[in-house]
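Participant: Below are the sequence and a predicted model for it; my questions follow.
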Amino acid sequence: PLRSLVAKICNHPLFPLPGNFFGTATGSAIELDSSQKFRTEGNKIIDFNGQEFIPVGFNSVHVWLDEAAARRGLGEIRKTTANTVRLVTAGEAWTWNSQSHTPTRKRELVELALQANLVPMLELHDGTCVEAYDQPPDDGKMGLKQIVDHWLLRENVALFKQYPDTLWLNIANEWGPADNPAWRDGYIQSIARLRQAGITNLLVIDAGGRGQDANSLLKWGDEVAASDPLQKVVLSIHMYEVWASNDKPFDPSWQFKVEDTLPKFKALKAPVIVGEFGWDQPCGSASGGFNPKILLKTANGCDMGWLFWAWHSNEEETFLNAVNDPGSYSLTEIGKV
């Protein structure tokens, strides 16, 4: 039943013909290479053929999973209807993890994704739940200034310049306060620094408030996008605790309804994607109070891309896993939907 919801997306020439929703693809996609040019045009992402590109895929976790298995998973992801993968990596603050925190490791992941014919979206997880702009690396956290410092390391700049039109940069995971212009100001400054360094890649920017605050996008998303001299900004919303759908009991503390809020993003002058979401859980759980099938139906109706969290996250949170093992194609019940 969900196959029809992604029919429009799956007709894109970069997309394989669909099998099941997350399941085996029955067609093939054209090769990705560094000559392909992604840009934005209003609230659409445009590919090198001038067609609208709707990113659909998974988050691939490289900061706490077994790295060998997680890397194998990049090849397995391409067996699905995915065309994009968000590479969840670490920076200097993740001192207990050496799997993805260096430029060399990041390059390896990007090139594995490209070999799998997936558009790589490279992100840094050290900004999760951090609200300060300037916060030195400590215990897994650092500020947006320090995150941009990491991207401006000579080796990282070289990576972006090697793949300027294919590699996307999701600057920071879930950085910034909710409903606060400091989110806007921090990203305007960060975009300027990246562009001044000669990084011309498509930039993806998470909403404030742990990535979930729609108000940050609705109030200041246009200003952030307009600050980019290249006009290559994509905004991203994460959907967990503060989101609900009309078919579930509504807790007044939840701020945003799926059916009401996602269409509002279409009025923005930059594209918006759902950068993270989990599957169906009881109201009040970490994955929120919304029906994920309604989320996907609404996003599809808005021509809005999405990236499921995750291909595999960990053993306990099974509602966040599309496969039973990160390095295999053993689908969970969610993956079989």
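Facilitator: Yep, it's here. Values in this document were obtained by computation on a predicted structure and should not be read as measured data.
Participant: Give me the neighbour count for the closest residue to residue 213 other than its chain neighbours.
Facilitator: Computed as CB to CB, 6 or more residues apart in numbering, the closest residue to residue 213 that is not its neighbour in sequence is residue 178, at 4.1 Å. Any C-beta I mention is one placed from the backbone N, CA and C, and that applies to glycine too. Residues within reach of residue 178, counting by other CB atoms under 10 Å, total 18.
Participant: for residue 178, what are its contacts?
Facilitator: By CB atoms under 8 Å, 6 or more residues apart in numbering, the residues touching residue 178 are 208, 209, 210, 212, 213, 215, 216.
Participant: Recalculate using a threshold of 7 Å.
Facilitator: Residue 178 makes contact with 208, 209, 213, 216, according to CB atoms under 7 Å, 6 or more residues apart in numbering.
Participant: quick one: contacts of the top helix by length along the chain?
Facilitator: Criterion DSSP state H: the longest helix present in the chain is helix 181-196. Applying CB under 7 Å, 6+ apart, the external contacts of helix 181-196 come out as 133, 144, 148, 151-152, 171, 176-177, 203, 205, 208, 216, 220, 223-224, 227-230.
Participant: Tell me where the stretch 101-250 of the chain has helices.
Facilitator: 103-115, 144-151, 154-162, 181-196, 214-226 (DSSP state H, counting those that start in this stretch).
Participant: Would you map the strands across the chain?
Facilitator: Assigned by DSSP state E, the chain shows strands spanning 39-41, 44-46, 56-61, 84-89, 119-124, 168-170, 203-206, 233-239, 243-244, 256-257, 272-277, 306-308.
Participant: roughly how far is the fourth one from the heart of the chain?
Facilitator: Looking back up the chat, that one is strand 84-89. Offset of strand 84-89 from its chain centre (CA atoms, centre = their mean, to the nearest Å): 7 Å.
Participant: who does it pair up with?
Facilitator: strand 56-61 (parallel), strand 119-124 (parallel) (DSSP bridges).
Participant: same question for the first one, mean pLDDT?
Facilitator: Per-residue pLDDT values across strand 56-61 average out to 96.
Participant: dump the residue contacts of the residue sitting nearest the centre point of the chain.
Facilitator: Nearest to the mean C-alpha position of the chain, by CA atoms, centre = their mean, lies residue 275 at 3.6 Å. Residue 275 is in contact with 86, 206, 211, 236, 237, 238, 307, counting by CB under 7 Å, 6+ apart.
Participant: where does the residue nearest to it when sequence neighbours are not counted land on pLDDT?
Facilitator: Distance criterion CB to CB, 6+ apart; nearest residue to residue 275, sequence neighbours excluded, is residue 236 at 3.5 Å. Looking at residue 236, its pLDDT is 98.
Participant: swap in the one 3 residues further on?
Facilitator: Residue 239 is assigned a predicted lDDT (pLDDT) of 93.
Participant: what's the burial count for it?
Facilitator: Around residue 239 there are 28 residues (other CB under 10 Å).
Participant: Distance check, it against residue 209.
Facilitator: 12 Å (CB to CB, to the nearest Å).
Participant: Find residues that contact each of these two.
Facilitator: Counting by CB under 7 Å, 6+ apart, residue 239 and residue 209 have no shared contacts at all.
Participant: count of residues packed around the nearest residue to residue 130 once chain neighbours are set aside?
Facilitator: Nearest residue to residue 130, sequence neighbours excluded (CB to CB, 6+ apart): residue 141, at 5.1 Å. Residue 141 sits with 19 neighbouring residues when counted by other CB under 10 Å.
Participant: do the same with residue 110
Facilitator: 23.
Participant: Okay, and the beta partners of the nearest residue to it once chain neighbours are set aside?
Facilitator: Spatial nearest neighbour of residue 110, chain neighbours left out: residue 120 (4.7 Å); criterion: CB to CB, 6+ apart. Beta-bridge pairing of residue 120 under DSSP bridges involves residue 85.
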